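Student: structure here, sequence nowhere to be found:
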């Protein structure tokens, strides 16, 4: 036997997760300004996800591959729009916001409260990837297991898209840029026959999503449907491979008890995205910035524009040093599902 000691715990490949992901809370102003991340490391974001907290507002996303001011909405089927007064530049440790104007709600409301989540990819606008049958433009960070891939659909079953990770992605999210369609997620726990809609509470089964073919370390596969492979449509994808000690992607069974399910991740979660895949329930996002202390109760819902909800006891949870634990019987996170 050995004594109990942290010396016997393997050192993770990422010792400071803030170099690759951070959450920023800020207050709206009537003029442009540049919020700065405040983690242990500087973070040059390649993907930014914004949500106003204190009132109804869309979930806006921006990435370096598409470019600043190019907005998509996670909670909507709307196509990409250019919002010149929105997120105007990606910084070396943050981002720059315009004055908001009248067409978006990322900064334009003085005194409003906002959250921005930022991920680091390749710190560039991407380069050509020819690993798939369809050429893609990819910005990738293999260390953190995250890539952004843009491609043009061809309506061909079995088309493949290079993602650049060098590892099998556990999550692939695709969203059309130039046509109206919801974003869809392929998740390792539901497999390549299922597409989980980001803008609704539903999931769908069909080979038209991913051609019933699991991703590989170099490509993910597509069916022939317009939602992520329509002929001539431009599509953006966000791909995540699990990195032990930094990211955890999987599934669990809720127990329907106030002494709820504990889910092991191996680290304290900074960002937690959950969806009941057995029932019509909203997605839920929690993070350790909005709830720095337990219990965790501040929830945002990616499939709606609704304001941040302060949960009742049925939705309480704890973000722990090595995972998370539920303390209620809410259908969205801990029903018997």
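Tutor: Arrived safely. On a predicted model such as this, the values are computed, not experimentally measured, just so you know. Residues are numbered from 1 along each chain as shown.
Student: which SSE is immediately downstream of the helix or strand bottoming out on mean pLDDT in the chain?
Tutor: Least confident helix or strand, the chain: strand 203-205 with a mean of 87, by mean pLDDT, DSSP states H and E. Next in sequence after strand 203-205, counting helices and strands by DSSP states H and E, comes helix 207-210.
Student: show me what the least confident helix or strand of the chain is packed against.
Tutor: Counting contacts by 3 or more Cβ pairs under 8 Å, 6 or more residues apart in numbering; DSSP states H and E, strand 203-205 packs against strand 194-197. For every residue, glycine as well, the C-beta is placed using N, CA and C.
Student: ok, back up a step: can you list contacts of the least confident helix or strand of the chain?
Tutor: 190, 193, 194, 195, 196, 197, 277 (Cβ atoms under 8 Å, 6 or more residues apart in numbering).
Student: show me what it pairs with in its sheet, parallel or antiparallel.
Tutor: strand 194-197 (antiparallel) (DSSP bridges).
Student: can you give the contact residues for the partner strand?
Tutor: Contacts of strand 194-197 (Cβ under 8 Å, 6+ apart): 182-187, 190, 203-206, 209-210, 227, 275, 277, 303.
Student: let's see 6 Å
Tutor: Strand 194-197 is contacted by residues 182, 184, 185, 203, 204, 205, 209 when judged by Cβ atoms under 6 Å, 6 or more residues apart in numbering.
Student: give me the three-state assignment for residue 26.
Tutor: Classification of residue 26 using DSSP: H, G, I helix; E, B strand; the rest coil returns strand.
Student: you'd agree it is up against residue 114?
Tutor: Yes - counting by Cβ atoms under 6 Å, residue 26 does reach residue 114; the two are 5.4 Å apart.
Student: tell me which of those two has more neighbours.
Tutor: The residue with more neighbours, out of residue 26 and residue 114, is residue 114; 21 against 18, by other Cβ atoms under 10 Å.
Student: which residues touch that one?
Tutor: By Cβ under 6 Å, 6+ apart, residue 114 lies in contact with 26, 52.
Student: what's the helix or strand where residue 161 lies packed up against?
Tutor: With elements taken from DSSP H and E, the one containing residue 161 is strand 160-162. Judged by 3 or more Cβ pairs under 6 Å, 6 or more residues apart in numbering; DSSP states H and E, the packing partners of strand 160-162 are strand 219-221.
Student: re earlier: from the contacts of strand 194-197, list just the buried residues.
Tutor: 182, 184, 185, 203, 209 (16 or more other Cβ atoms under 10 Å).
Student: so which of these sits lowest on pLDDT?
Tutor: For the buried ones among the contacts of strand 194-197, the weakest pLDDT value sits at residue 203, with 84.
Student: if we can go back for a sec, and which of the contacts of strand 203-205 is nearest residue 119?
Tutor: Taking Cβ to Cβ as the measure, residue 196 is the one of the contacts of strand 203-205 closest to residue 119, at 19.4 Å.
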